[in-house]
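Q: no letters, just coordinates:
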Ligand SMILES: [Zn+2]
Ligand SMILES: [Zn+2]
């Protein structure tokens, strides 16, 4: 117990990490809180706590309804209201829209704002395989995640346009003229930059192998000790050993350059987490692993 108390967690203070030039800021300890902000994209994944830094983020993506991932949502909404900021876009799994509206209504009543619909966020429903166009360059796609409750994961894709080979060498104003005639002179590719998975079992990676294609893969490893291996699946979580065994089975499939591990159980100390992850990560992934602790 005293050793555990040596590791004090402060969910309101995000940890900053550099993932190959992409900055992410977040906090994630199982049962306590998870959120992850990407300032360059103005996106925040999950909002189990609403640190002051998160208020300015206009795009919130929610993976599932567990309190440690969702508890800060209404706080985010009311803080933006208080600061006269426009409402953020709350992208939530479609099956959560009604329960979240009910929750917001109850909170609204408690605060004495009965019959004030402006105090209820407009939740934007996302299905299992949806695409959200954030802007001309960024697209967020969803996929189902295996957890104890229904859950979604998200991949941010960067849209890159390339001139079709048949137009190589054509000068600028001629290309402009072709465009004005409605001729498609470019091809588009969607490059997967980051995949965010909230809480999950190993089944998500088995069923959604595209997760390994993103430059940055953010995933949980709630449990890390050998004696905790059996409890991971029934609790709807991942064990470090399961993840590493899965990844080691096919190194070529691991196209991500950064693997961010998060959502460690509160019962582990930081030094325990660092030592166990280092010892159990295969050689080819040692330089790619980063810990959100
Ligand atoms: Zn959780
Ligand atoms: Zn959960």
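A: Done, it's in. Since the model is a prediction, treat every value here as computed from it, not as a measurement. Ligands and ions are numbered 1, 2, ... in the order given.

Q: rest of the way, CA atoms for contacts and neighbours
A: Will do.

Q: so residue 161: helix, strand or coil?
A: Put simply, residue 161 is strand when judged by DSSP: H, G, I helix; E, B strand; the rest coil.

Q: ok, it - how many residues close by?
A: Residues lying near residue 161 (other C-alpha atoms under 10 Å) number 13.

Q: can you tell me how far the nearest residue to it once chain neighbours are set aside is from ligand 2?
A: Sequence neighbours aside, residue 188 is the residue nearest to residue 161 in space, at 4.6 Å (criterion: C-alpha to C-alpha, 6 or more residues apart in numbering). Residue 188 is 36 Å from ligand 2, where distance means C-alpha to the ion, to the nearest Å.

Q: how about residue 188, secondary structure?
A: Three-state call for residue 188 (three-state DSSP): strand.

Q: likewise for residue 35?
A: Assigned by three-state DSSP, the conformation of residue 35 is strand.

Q: contacts only, for it.
A: By C-alpha atoms under 8 Å, 6 or more residues apart in numbering, the contact set of residue 35 is 26-28, 44-49, 69.

Q: which one of the residues you listed is nearest ligand 2?
A: residue 69 (7.1 Å; C-alpha to the ion).

Q: before we move on, which element is that closest one in?
A: helix 67-70 (DSSP states H and E).

Q: equivalent analysis for residue 273, please.
A: Per DSSP H and E: residue 273 is located in helix 270-280.

Q: next, count neighbours for the residue in the stretch 1-150 of the chain that ligand 2 sits nearest to.
A: Proximity of the stretch 1-150 of the chain to ligand 2 (C-alpha to the ion) peaks at residue 66, 4.9 Å away. Neighbour count for residue 66, taken as other C-alpha under 10 Å: 15.

Q: what's the answer for residue 142, then?
A: Residue 142: 22 surrounding residues under other C-alpha under 10 Å.

Q: any chance you could map the strands in the stretch 51-200 of the chain?
A: For the stretch 51-200 of the chain, the strands defined by DSSP state E, counting those that start in this stretch occupy 59-61, 89-93, 123-126, 131-133, 138-145, 151-163, 186-196.

Q: can you give me the pLDDT of residue 12?
A: With respect to pLDDT, residue 12 scores 94.

Q: ok, how many other residues are close to residue 82?
A: Neighbour tally, residue 82, other C-alpha under 10 Å: 9.

Q: report how many residues lie close to the closest residue to residue 104 other than its chain neighbours.
A: What sits nearest to residue 104 in space, not counting adjacent residues and going by C-alpha to C-alpha, 6+ apart, is residue 120, at 5.8 Å. By the other C-alpha under 10 Å criterion, the neighbourhood of residue 120 contains 21 residues.

Q: pretty sure residue 120 sits against residue 108.
A: Yes - using C-alpha atoms under 8 Å, residue 120 is in contact with residue 108, at 7.4 Å.

Q: follow-up on the earlier one: which pLDDT value goes with the residue nearest to residue 104?
A: So residue 120 comes in at 93 (pLDDT).

Q: again, but for the one 4 residues further on
A: pLDDT recorded at residue 124 is 98.

Q: excluding its backbone neighbours, what's nearest residue 228?
A: Nearest residue to residue 228, sequence neighbours excluded (C-alpha to C-alpha, 6+ apart): residue 239, at 7.7 Å.

Q: now the one you found. Its backbone dihedrals?
A: Backbone geometry at residue 239, expressed as degrees, to the nearest 10, gives phi -100, psi 140.

Q: so who does it touch?
A: 221-224, 228-229, 232.

Q: residue 49: neighbour count?
A: By the measure other C-alpha under 10 Å, the count of residues near residue 49 is 27.

Q: contacts only, for the closest residue to it other than its chain neighbours.
A: In this structure, residue 49 finds its nearest non-sequential neighbour in residue 72, 4.5 Å apart by C-alpha to C-alpha, 6+ apart. The contact partners of residue 72, by C-alpha under 8 Å, 6+ apart, come to 47-50.

Q: can you list the residues of the stretch 1-150 of the chain near ligand 2?
A: Residues of the stretch 1-150 of the chain found near ligand 2, taking C-alpha under 5 Å from the ion as the criterion, are residue 66.

Q: where does the stretch 1-150 of the chain dip in pLDDT?
A: 1-6 (pLDDT under 70).

Q: how near is residue 10 to residue 254?
A: 32 Å (C-alpha to C-alpha, to the nearest Å).

Q: what is the neighbour count of residue 209?
A: Neighbour count for residue 209, taken as other C-alpha under 10 Å: 11.

Q: let me see the confidence value for it.
A: pLDDT, read off for residue 209, is 97.

Q: measure it to ligand 2 for me?
A: 21 Å.
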